[in-house]
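>>> Sequence and computational prediction follow.
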Amino acid sequence: MKDEELAGRLREAAEAHRPDRARMLARIERGMAGDPAARAVRPPRAAHPWLRVAGATVAVCGVLAAGAFAVTSAGDDGGARGGRVAAAPSSASPSPTAKAPVAPGGLRPEDGPLWTGGVVDPHSNPYWAQSNVTLRTTEPLSALTVELRVAETGGVNSTGSWRSLPEPDFTVSVNESGGYLVYRWTLRPGRTVPAGTHTFAGQYNHAEGDRDATGDYVTARAVRTSGAKAAVGDRFGRSR
């Protein structure tokens, strides 16, 4: 059959076709009225069995991967990635509640308006440490001497010191005496320590490892502007 003949027959069939308009309108009206039969949707083709198995495997793997990530994230505190991080000196201090004698000479942490406490700074490391001394006074002081004694436990040598009070108001010395590295801060004549909380700190190297600070202690002797004297002391490393 030639192409021209086929095309002619198709045109004749198309012209002879008369759509049933009434039937088509009835179907449209049923669809608008919500007839489910007019809106039938072809059901999805069932997946091939091997596709279903593959899909389930992928889902399980996804859950396991998510769980592993969550566990890893929860256990990572950042400390294992960068080693030790340098931080600003901490002024952490113990609670001023101890009453029992804790320093040589029977000194207590509190005497009248004066209180002191000593702790090793939490930013210390296995080679270097900082001992923090906190001094609190509710009255101005006209004289003050603070002594920090760090026991010679091996490799102990000074790397510096500081205090929160003005530097020109104090003379500072560091020396070795009787098995201790001794830091001494002395208020200069004519200067005054105001009421408040003040910090003194000694820094030092030491033998590698966790250093035992239970042999360290601090003492502070002061004269109030009223003329009354006060003396306090505290040991490091004791239970608080």
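Structure's in. What do you need?

>>> Show me the protein divided up by domain.
3-75, 104-235 (automatic domain parsing).

>>> looking at those, which has the lowest confidence?
Here the domains of the chain differ in mean pLDDT, and the lowest is domain 3-75 at a mean of 46.

>>> Could you double-check that Glu152 lies in contact with Ser177?
No: using CB atoms under 8 Å, Glu152 makes no contact with Ser177, being 10.0 Å away. Any C-beta I mention is one placed from the backbone N, CA and C, and that applies to glycine too.

>>> Which one's more surrounded, these two?
Glu152 (15 against 9; other CB atoms under 10 Å).

>>> nearest residue to that one other than its sequence neighbours?
Gly179 (5.1 Å; CB to CB, 6 or more residues apart in numbering).

>>> got a list of what Ala195 touches?
113, 137-140 (CB atoms under 8 Å, 6 or more residues apart in numbering).

>>> and if we set it to 7 Å?
Counting by CB atoms under 7 Å, 6 or more residues apart in numbering, Ala195 touches 137-140.

>>> ok, which stretches of the chain are helices?
3-16, 21-32, 49-75, 79-82 (DSSP state H).

>>> tell me the average confidence for the shortest one?
The one in question is helix 79-82. Helix 79-82 comes out at a mean pLDDT of 30.

>>> Glu147 contacts Val182, doesn't it?
Yes: counting by CB atoms under 7 Å, Val182 is a contact partner of Glu147 at 6.3 Å.

>>> The two: which has the busier surroundings?
Glu147 (20 against 16).

>>> how far away is the more buried one from Pro109?
Remark: distance between Glu147 and Pro109 (CB to CB, to the nearest Å) = 15 Å.
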